[in-house]
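Sequence and predicted structure below; questions after.
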Amino acid sequence: MPGGRLTQQERQQIALGLADGLAYAEIARRLERPTSTITREVMRNGGPTAYRADLAHRATERRTHRRRPAAARGAEASSPAYGRDGEAVREFEETFTTVMMASGMPKMTARVMACLTLTDSGSLTASELVQRLQVSPASVSKAIGFLESQGLARRERDERRRERYVVDDDVWYQSMMASARSVAQIVELARQGVGVFGPDTPTADRLENIARFLDFVAESTARAAEQARAVLRTKPSGGSTDSPPAHARTDAVRPGPA
């Protein structure tokens, strides 16, 4: 299996594979590369619809040139925990960050999210994040603010009264519920619009269709999040699950008073 950085010829093969509609795994198989390498390469260079081999190659050369002076700072990567492959960990973190960015997350926020998620403790202080990412405290603070607004991180105080930022299983549940509540607010607004524009008008019909679609999505999202949390928290020793029945209507997504 070839190692090292992707060559320009390999990038051209990736572009051809994407044009043919091949999956990342199939492209990786043909190039004898890990699927994660292909995923990271495509997502950090425009995504599957905008990937261009020549632009990707030049962008990689620029990134490599910029990274060289900073390589000495990553001393911690030379002795990863649990005997892990440091290079594999670094590559996975880059892929994780790239995928988060592709989902719409700002770059610094994605880096902070990756750092928190891939830390064994699942939590770090602001100063630890600054040191690990080699960025300013203001950058970390802004990124944490965004993650908190999306329900993807929370603050805790440790035994030394330091503020720590935490990413664990529960924050993903909270994020899904926050997303469902946000969608439910759009539903309420769309239905208000039906009254404003008058029934039996094209605009009112469009708003009603939006409301019906998003109402279903919001309730399904909240119900699935509740069921998943209940199932995953159930002891494997045979204890009963408290997951709600599939037909149960979840009222938690309804927007409350401002």
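Thanks, I have it.

Spell out the residue ranges of the strands in the stretch 151-258 of the chain.
The residue ranges that make up the strands of the stretch 151-258 of the chain, judged by DSSP state E, counting those that start in this stretch, are 154-157, 163-166.

got JSON lines for those strands, with mean neighbour count, distance to residue 194 and mean pLDDT too?
(Each C-beta comes from the backbone N, C-alpha and C, glycine too.) JSON lines is the format used below for those (neighbours: other Cβ atoms under 10 Å; distance: least, Cβ to Cβ, whole Å; pLDDT from 0 to 100):
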{"stretch": "strand 154-157", "mean neighbour count": "12", "distance to residue 194": "37", "mean pLDDT": "88"}
{"stretch": "strand 163-166", "mean neighbour count": "17", "distance to residue 194": "42", "mean pLDDT": "92"}
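
Outline the domain layout of this structure.
The record's domain parsing of the chain by automatic domain parsing lists 1-73, 87-167, 169-253.

of the strands of the stretch 151-258 of the chain, which approaches residue 226 most closely?
strand 154-157 (18.9 Å; Cβ to Cβ).

Out of the strands of the stretch 151-258 of the chain, flag the one nearest residue 16.
For the strands of the stretch 151-258 of the chain, distance to residue 16 was read as Cβ to Cβ. The smallest value, 42.5 Å, belongs to strand 163-166.

Before we move on, what's the pLDDT of the closest residue in space to residue 42 that isn't next to it in sequence?
Leaving aside its chain neighbours, residue 42 sits nearest to residue 51 (5.3 Å; criterion: Cβ to Cβ, 6 or more residues apart in numbering). In the predicted model, residue 51 carries a pLDDT score of 89.

Please name every helix or strand in contact with whichever strand or helix holds residue 115.
Using DSSP states H and E, the element containing residue 115 is helix 107-117. Other helices and strands packing on helix 107-117, by 3 or more Cβ pairs under 8 Å, 6 or more residues apart in numbering; DSSP states H and E, are helix 86-102, strand 123-125, helix 126-133, helix 137-149, strand 163-166.

So for the shortest one, what gets flagged as buried?
When you say that, I think you mean strand 123-125. Taking 16 or more other Cβ atoms under 10 Å as the basis for neighbour counts, the residues of strand 123-125 that come out buried are 123-124.

ok, and what's touching it?
Contact partners of strand 123-125, identified using Cβ atoms under 8 Å, 6 or more residues apart in numbering, comprise 115-116, 132, 156, 162-167.

Distance to residue 202 for those residues - can I get that in TSV?
Written out in TSV, the entries for these read as follows (distance: Cβ to Cβ, whole Å):
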residue	distance to residue 202
115	48
116	47
132	53
156	51
162	57
163	52
164	52
165	47
166	48
167	45
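
okay, among those, which ones form the most distant pair?
Spanning the widest gap among the contacts of strand 123-125 are 132 and 156, at 18.3 Å by Cβ to Cβ.

if we can go back for a sec, and residue 187, which of the helices and strands packed on helix 107-117 is closest to it?
It's helix 137-149; of the helices and strands packed on helix 107-117, that one is closest to residue 187 (Cβ to Cβ) at 20.4 Å.

per-residue pLDDT, residue 68?
On the pLDDT scale, residue 68 is placed at 49.

Test my guess that residue 142 contacts residue 108.
Yes. Residue 142 is within contact range of residue 108, at 7.0 Å (criterion: Cβ atoms under 8 Å).

Which one of those two is surrounded by more residues?
Counting neighbours by other Cβ atoms under 10 Å for residue 142 and for residue 108 shows that residue 108 has the greater number, 18 against 15.

per-residue pLDDT, the nearest residue to that one once chain neighbours are set aside?
With Cβ to Cβ, 6+ apart as the criterion, residue 108 has its nearest non-adjacent residue at 4.8 Å, and that residue is residue 143. The predicted structure scores residue 143 at 94 on the pLDDT scale.

With that, I have no additional questions.
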